[in-house]
Structures are given as structure tokens and as C-alpha cells.
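quick one, structure for this:
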Amino acid sequence: MYIFVGFSHIICLFINMATNLEFNKNDDAMRLLLSEMEQKLQKIRQGGGKSRIAKLHAQGKLTARERIEFLIDKNTTFYELGAFAGYEMYESEGGCPAGGTVMGVGSVKGRLCLILANDATVKAGAWFPITAKKSLRAQEISMENRLPIIYLVDSAGVYLPMQDEVFPDKEHFGRIFRNNSILSSMGIVQIAAVMGSCVAGGAYLPILSDEAMIVDKTGSIFLAGSYLVKAAIGEDIDNETLGGATTHCEVSGVTDYKCSDDKDCLTRIRNIIDKIGGFETAGFNRIASVPPKRSSHDLYGIIPDSRDKAYDVKDVLSCIVDDSEWEEYKEKYGQSIVCAYARIDGWAVGIVANQRKVVKSKKGEMQFGGVVYSDSADKAARFIMNCNQKRIPLLFLQDVTGFMVGSRSEHGGIIKDGAKMVNAVSNSVVPKITVIMGNSYGAGNYAMCGKAYDPRFIYSWPTAQLAVMGGAQAAKTLLQIQTANLKADGKQISPEEEAALLQQITARYHKQMKPWYAAARLWVDEIIDPARTREYISMSIAVANLSPITKSFNTGIIQT
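Numbering: from 1, shown residues only. Below you'll find the model as predicted:
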């Protein structure tokens, strides 16, 4: 008896040691990724570099990030979005850190605002294609959430070498002024501060805002600068007389306030925001916040160091939701997706999360982690409908490899059940917030509310991978296509050449799967530290709560 107990104790000890070892290994891997992310962000935050920052200071101007720091309330957080915009995208042009703009949500006089600031240290604040895309995303966030938007303008206009990718199309530069007008018609507050150059078509942005101010001596607004005026009509005039603060505040009446310097300008914005009245909200349910029983930093050890390893997503929930408690919907049915009602920082949420551990159904069938099965899709669709009926915001936690394939799934109607889930996600009227924790492949990305399905905010962890399919499968498929094309052209390829080609394809595909690649193109709004997930979700719901729900939930034609 004693020998048996002792032996059992030893077995348990080894299991605990193995578990702790795996946890620590995962923790180390996550911290390395976070360190890599922070190093990249430190470089991005330097904008055009120290010398250009010094040049800006010499002109009596603050940098974009310094302006935002002064503008927001002291001891509050600025939730930056799109920091990785343009990352490694314009190397031949000298780069475009953060897309040449700083964007995010901050508190100004106690009111949440969307702030968009040109970074004049990056090509004088010129507009690259990604700059336009990021600015349009800022306006989209403002429109969807009825969030006041503050523009801090300091831009030389369109980056002419890439004008064909910035100027004429529907989602290009001109769309910004259309959005200015739509925002105004919706009654959403827009305040613009001209703190540097504001030229050509860009001159319409501040004037299409509700109120515009300009900084004396450093701010200027004109459709064409003095050199172009000279060339066009032969008139000799300096830029200050043409479109400086005195001209526009005392002669043309284009701007409303003349400011002595950057700080005076930012203080005036704060004073205006302070006087704005209250508006109707969505009325989402919130009570006093209770911290999770489990530390948010435990997420580092829960998420495996390899994307093909299993874990229990309920361990993730225990680090995110209030008091680590939730009400699980259809717990024993469709177990490859976990659906639950919970609270995050006091806010009521409906959670739809991919389950990554292998589970066994009551029918004795094994369901593999990260795969969406028919019963899971059916359950999720019904849960999403319930959340819409109850006016509960939805949180999608993605770690999905796709839908189950094979004859059993096809004969069981996986396409029909998947379509039900996609339909429910598409027609949801409650705010949707998405966090990509790990894999985000193919149609799984769509069903779990990827960027194409209009989440109010979409974040990723450094462990995220976005692609149409997994790296190994995709690389082998691409290799087969390329070798077939070579052979069709009469070219022979040796095993060594085939192996080298596979390595090259795999490296390229894996680079495209990384979260930095997705964030550079604004497929996600920001890459966040997993330990701050609760914080970002709470901010997102607080912002979404500013916009009342005016539509009724209707799925249209959907098979039940």
C-alpha cells in the first residue's frame, strides 16, 4: 500500500514537472516574441530618425507623438492602432514608419477620441498608399462608433512618385474628404489643427471639419504653394502671406482659431472637447469590474511555442474574464468551438473561441483542435443570434485551421452549417471584436470574424499566423505548381534543385504568415501583448458603446 502511494506520488511529480517545463518553455518563447515586437516598435516610434526629430524641434514644433502625449489626459493610456502600418513595405523609398501617421484612441477631458496625427519626420508627412488606407481606417472607426475625431495636420501632401496608388481610386486619398462630409452629416465631432503644411487637396480636410485652428508661423494652408503660384500665374508671393495663420484667421476666414504654438493649439482642442454635450449610447451592460483569478501573464505559458500544439482555450478565458467565471453555452455539443457569456472589465460579452485541445463528443467522435466541425458551426451561429437578440457585444478568439474536410463532413452538411455561421457573423448588429491568438487560416478566418466581416476592432498576438492555409501544405502545393510549369516548358529539375525551391517557397510563405506582415497592411488594427488583451477589449467595448444600435438583426435566407 505504501509502495503504491509512493509510486503514484512520483508519477504525479513527474507529470507536474513536465507540465511546468512546457509552461516555462512557452513563457520563454512568448517573451522572446514580445521582445522582438518591442524592438521593432522602438524603431517605428523614431519615425524619420533622430536628426529629423531635432530639425522639427528647431522649428519650434513637437513631434506627432509628443503632440498626442500633450493632448490626452494625464495618467491615461493612448491605445495606438496601426503602429506597424507600412512595415517593410517601402524599402526602396526609404521606408514609411507607421505609415507616416500616428493613430489611436485616447481620453481628452474625460472623453474618448480618435486621434490621427501626421508624422512630419517621415518624408515631411507625405501620403503613401498605406497612409491613405490608415487614415480611412481611422475615419471608419470614428463613423462606426460615433467617436469624435481629432486631426493633427502636418503634411506635404501626396508622395508624388507613388501618386497613381494614392490619388484616383475609391479607397484612395479623395475618399477622406468624402468621409469628412459624411462624418459631419452624422453629427460626429471633427476638429482639425493645422500645425505644419497643409497643401493641395489636403487643404480640404481641416475645412471640412467642424472647427479648424492653425499655428502661427508654422502652419500653412493653400491649394498651391508660392513656387507653383509663380509658375502658374506669375504672381510673386511668400507662403506665409499666401496661406499662413494671419491670412486665414484675419483675411480669408478659412480657420477659426489662431494659435501661438503647438501647446496653445492642443490646449484649445482640449477646451473645445470639454464643452461637448452628452449623446445617447448603446447601453451595453456593465457592472463593477472584478479581476480574473488567474494572472494575465499566465497567457505566456498557456500558448504553445509551436502553432501545431494543442492547449485548452478555457485556460485563456480564465486569464481574461472577470473572476475567471463564465456561463458556457451547449458545453458538450460542438466542442471544437467554445461559446460563453462572461464579463470583461465589467462589460457583458458573448465569447466565441476556437478550442485547440482534442475533444471527444458524446457520439464517440474525436474533434481535433482548431478545426470547425458542423456541430460547432451550428452552435456558434445560434449563439451569435442569441447575443444579437440580447444586445451583447461579441468577442471572437481566433485560433482556427479551417473547416473539417472529408466525406463524413461533406455528407453531414459542413458547407450548410458553415454558411449559417458566416451568415450570422455577417448580419450581426452588435459590435464584434476579434483577437487572433494563433492560426487564422482560410474560411476559418471568415467564420471567426476576420477583417472582411467588419469587426469594430481586430487585434492579433505576436503568435498569430494569417494565411489561406498552413505553411507546410501551402509550400508543397506551390512547389507542385512551379515544378509542373517548369516540366511543361521542357526543363528538368533535380532533387537538389527541388529541395532548394521548396526551401525558398517555404521561407517566402512563412514571412507572409507573420503578424508583422498582416499588421503592415492593416489586416489587423494592432499587434498587442497578450497580457493587455483584457484592457484592449474593455476599451473597444467602451468605444463601441458610444454608438446606439439602430438596425434590427436579420439573417436573411439561412437554412436551419
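
helices of the stretch 1-150 of the chain, residue ranges please.
Secondary structure of the stretch 1-150 of the chain, counting by DSSP state H, counting those that start in this stretch: helices at 2-45, 50-58, 64-71, 129-145.

rounded mean pLDDT for the longest one, please.
For helix 2-45, the per-residue pLDDT values average out at 80.

again with stretch 516-530
The predicted model assigns stretch 516-530 a mean pLDDT of 97.

repeat for stretch 238-258
92.

now do it: everything it contacts.
194, 206-207, 211-217, 219-222, 225-226, 229, 259, 265, 268 (CB atoms under 8 Å, 6 or more residues apart in numbering). Quick note: C-beta positions are derived from backbone N, CA and C, even for glycine.

and the end-to-end length of that stretch?
End-to-end distance for stretch 238-258: 19 Å, by CA to CA, to the nearest Å.

tell me where the model's unsure across the stretch 101-250 of the chain.
Residues of the stretch 101-250 of the chain meeting the criterion pLDDT under 70: none.

which stretches of it form strands?
101-108, 111-118, 149-155, 190-199, 211-215, 220-222 (DSSP state E, counting those that start in this stretch).

need the ones you listed in a markdown table with distance to Met143 and mean neighbour count, can you?
Putting the strands of the stretch 101-250 of the chain into a markdown table (distance: least, CB to CB, whole Å; neighbours: other CB atoms under 10 Å) gives the following:
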| stretch | distance to Met143 | mean neighbour count |
| --- | --- | --- |
| strand 101-108 | 14 | 24 |
| strand 111-118 | 10 | 24 |
| strand 149-155 | 9 | 26 |
| strand 190-199 | 11 | 26 |
| strand 211-215 | 19 | 24 |
| strand 220-222 | 25 | 23 |
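
of those strands, which is nearest Cys319?
The minimum distance between Cys319 and these falls on strand 101-108, with 23.2 Å, by CB to CB.

direction included, what does the closest one pair up with?
According to DSSP bridges, strand 101-108 has the following sheet partners: strand 79-81 (antiparallel), strand 111-118 (antiparallel).

for Tyr333, which of these is the nearest?
Of all the strands paired with strand 101-108, strand 79-81 comes closest under CB to CB, at 36.7 Å.

what number of residues lie near Asn388?
When counting by other CB atoms under 10 Å, one arrives at 22 neighbours for Asn388.

identify the residue nearest it in space, chain neighbours excluded?
Nearest residue to Asn388, sequence neighbours excluded (CB to CB, 6 or more residues apart in numbering): Phe553, at 3.9 Å.

that neighbour sits in which helix or strand?
Element membership of Phe553 [criterion: DSSP states H and E] is none; it lies in no helix or strand.

check contacts around it.
385, 388-389, 427-430.

how about the strands of the stretch 101-250 of the chain in JSON lines, adding distance to Gly370?
As requested, those are arranged in JSON lines below (distance: least, CB to CB, whole Å):
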{"stretch": "strand 101-108", "distance to Gly370": "31"}
{"stretch": "strand 111-118", "distance to Gly370": "34"}
{"stretch": "strand 149-155", "distance to Gly370": "38"}
{"stretch": "strand 190-199", "distance to Gly370": "43"}
{"stretch": "strand 211-215", "distance to Gly370": "50"}
{"stretch": "strand 220-222", "distance to Gly370": "53"}
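
so which of those comes closest to Ala488?
Taking CB to CB, strand 101-108 is the member of the strands of the stretch 101-250 of the chain nearest to Ala488, at 46.6 Å.

what residues of stretch 498-518 count as buried?
Neighbour-count burial for stretch 498-518 flags 501-502, 505-506, 509-510, 513-518 (criterion: 16 or more other CB atoms under 10 Å).

filter those residues down to the ones in helices?
501-502, 505-506, 509-510, 513, 515-518 (DSSP state H).

which two from those residues end up farthest apart in space?
The two members of those with the most space between them (CB to CB) are Leu501 and Pro515, at 26.4 Å.
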